[in-house]
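**Student:** Need coordinates for the below:
(one chain, ligands or ions: 2)
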Amino acid sequence: MTVRLAAIPGDGVGPEVVAATLPVLTAALDSQGEALEVTELDWGADRFVREGAAMPADAAETVRRHDAVLFGAVGRPDVPDHELVWGLIIGLRQQLDLAVNVRPVRAFEGVPSRVRDVEGVDLVIVRENTEGEYVGAGGLAHAGTGHDLGIEVAVHSRRVIERAAEHAFTLAEQRRGRLALVTKSNAMRHGYPLWDAVVREVGERHPDVELEVVLVDAMAARLVQSPHSLDVLLAGNLFGDILSDLAAVLAGGMGMAPSANVLPGGSVPGVYEPVHGSAPDIAGKGIANPTACLLSGAMLLDDLGRSAAAESVRTALAAVLRLPHHHTPDLGGTASTSQLAAAVLHEMESR
Ligand code: NAD
Ligand code: MN
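**Tutor:** Ligands and ions are numbered 1, 2, ... in the order given. The predicted structure follows:
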């Protein structure tokens, strides 16, 4: 069988890490007697500058003709961020109704972290992906009067909380059976109390999962102080975004954090992407860490039922990351993006 993949390399380091990942996914599928067919889409900053939009109006339809999407990153210093972030990745998440963004954080043996005692850390953040603080509701009032008001309205609906919670409980059942809901119901009076109530209700259908409700500020400290106490975290859009960058540091930084945008049980292709952005500070140097993108590719293979191929990528990567001479500069090494990826390919072929 053939996996039909849409690749959106995007901007900055996006094309560098996607280019490093595609041959690895091809080899992983090939070892299982399958093929990868890639449609490369030129969406991102260049397209925005050329045509006034980061992606075409029928982008969602194009994506639906594929089994999955591998997305690099968007963002370029000379283009307003919202045109690319809203015009592409948030736009895709909303148009395809990709309910959750699943962000695993795993400390690989041999990878240095700025946080102490992270060995064995293995947690997953399930971030609600379509609502909350990122719906774009609100507006500006009294503009230019010196009393300007920026009003940003967060929206939380039962249906959307339920489907995110259902996914998080199911994931916890497949893992160590623990779910921490992250809210801020002591200070916010409407949206997060609804989360607390709805998630407790969904929890009644999952009696084997131990649920705790943690305030987001306390969770920020706990992620650093006792990350081993955490299994699955469920958070709204904003808190999930912030906590996943923090949690990535446990595993060695932004270059290590993969993610999957999915509609569980839906017929929509998932969008798989590193958590990081376009990293303009290192773009063009060939030194971006491809691990986050490679692990996103492994999640993609898993979700398409190609678990043997996915496991071969992860096993090879784990073996390569044990050796510091394969590390990219963000991990304290001197290897390039392509050297790390070539080591993974070599490791896969020699197994
Ligand atoms: P960033 O994630 O691009 O970079 C943050 C830091 O992490 C930088 O120091 C960068 O060098 C480092 N880093 C990121 N990826 C790395 C990798 N693979 N290997 C090694 N180091 C890596 O975040 P930022 O600097 O806040 O944003 C840059 C641009 O990316 C902005 O335009 C922003 O809007 C955009 N952005 C896009 C996405 C996305 O496409 N999903 C996500 C976040 C930010
Ligand atoms: Mn983010």
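
**Student:** And for Glu210, the neighbour number?
**Tutor:** 14 (other CB atoms under 10 Å). For glycine as for every other residue, the C-beta is placed from the backbone atoms N, C-alpha and C.

**Student:** Tell me what it is bridged to.
**Tutor:** Using DSSP bridges, the beta-bridge partners of Glu210 come out as Arg178.

**Student:** my guess is it contacts Arg176, does it?
**Tutor:** No: assessed by CB atoms under 8 Å, Glu210 is found out of contact with Arg176, at 9.3 Å.

**Student:** what are the phi and psi values for Glu273?
**Tutor:** Backbone torsions of Glu273, given as degrees, to the nearest 10, read phi -160, psi 150.

**Student:** Mind checking what secondary structure the residue most central in space within the chain has?
**Tutor:** Centroid check for the chain by CA atoms, centre = their mean gives Ser259 as the closest residue, at 2.4 Å. In three-state terms, and counting by DSSP: H, G, I helix; E, B strand; the rest coil, Ser259 is strand.

**Student:** so it touches Gly270, yeah?
**Tutor:** No: with contact defined as CB under 8 Å, Ser259 does not count as touching Gly270 (10.1 Å).

**Student:** Residues in contact with both of those two, list them for me.
**Tutor:** Here Ser259 and Gly270 share no contacting residue, scored by CB atoms under 8 Å, 6 or more residues apart in numbering.

**Student:** circling back: show the contacting residues for the residue nearest to the centre of the chain.
**Tutor:** Listed by CB under 8 Å, 6+ apart, the contact set of Ser259 reads 101-103, 244, 272-275, 296, 299.

**Student:** most neighbours, which of those?
**Tutor:** Greatest neighbour count in the contacts of Ser259, by other CB under 10 Å, goes to Pro274: 32 neighbours.

**Student:** That one and Val17: what is the separation?
**Tutor:** According to CB to CB, to the nearest Å, Pro274 stands 6 Å off from Val17.

**Student:** Next, show the common contact partners of the two.
**Tutor:** With CB under 8 Å, 6+ apart, Pro274 and Val17 have common neighbours 72-73, 292-293.

**Student:** From these, which land in helices?
**Tutor:** Using DSSP state H, 292-293 are the members of the shared contacts of Pro274 and Val17 that sit in helices.

**Student:** Same list, the shared contacts of Pro274 and Val17, but only the ones touching ligand 1.
**Tutor:** Restricting the shared contacts of Pro274 and Val17 to those touching ligand 1 (CB under 6 Å from any ligand atom) yields 73, 292.

**Student:** Report the secondary structure state of the residue of the stretch 101-250 of the chain found nearest ligand 1.
**Tutor:** Proximity of the stretch 101-250 of the chain to ligand 1 (CB to the nearest ligand atom) peaks at Asp245, 7.7 Å away. Following three-state DSSP, Asp245 is assigned to helix.

**Student:** Isn't it up against Met254?
**Tutor:** Yes: in this structure, Asp245 is within contact of Met254 by CB under 8 Å, at 6.9 Å.

**Student:** which of these two has more neighbours?
**Tutor:** Neighbour tally, Asp245 and Met254, criterion other CB under 10 Å: the higher count belongs to Met254, 19 against 14.

**Student:** mind checking how far that one is from ligand 1?
**Tutor:** Applying CB to the nearest ligand atom, to the nearest Å, the value for Met254 to ligand 1 is 4 Å.

**Student:** Could I get the contacting residues of that residue?
**Tutor:** 245, 248, 274-276, 279, 292, 330.

**Student:** I am finished for the moment; much appreciated.
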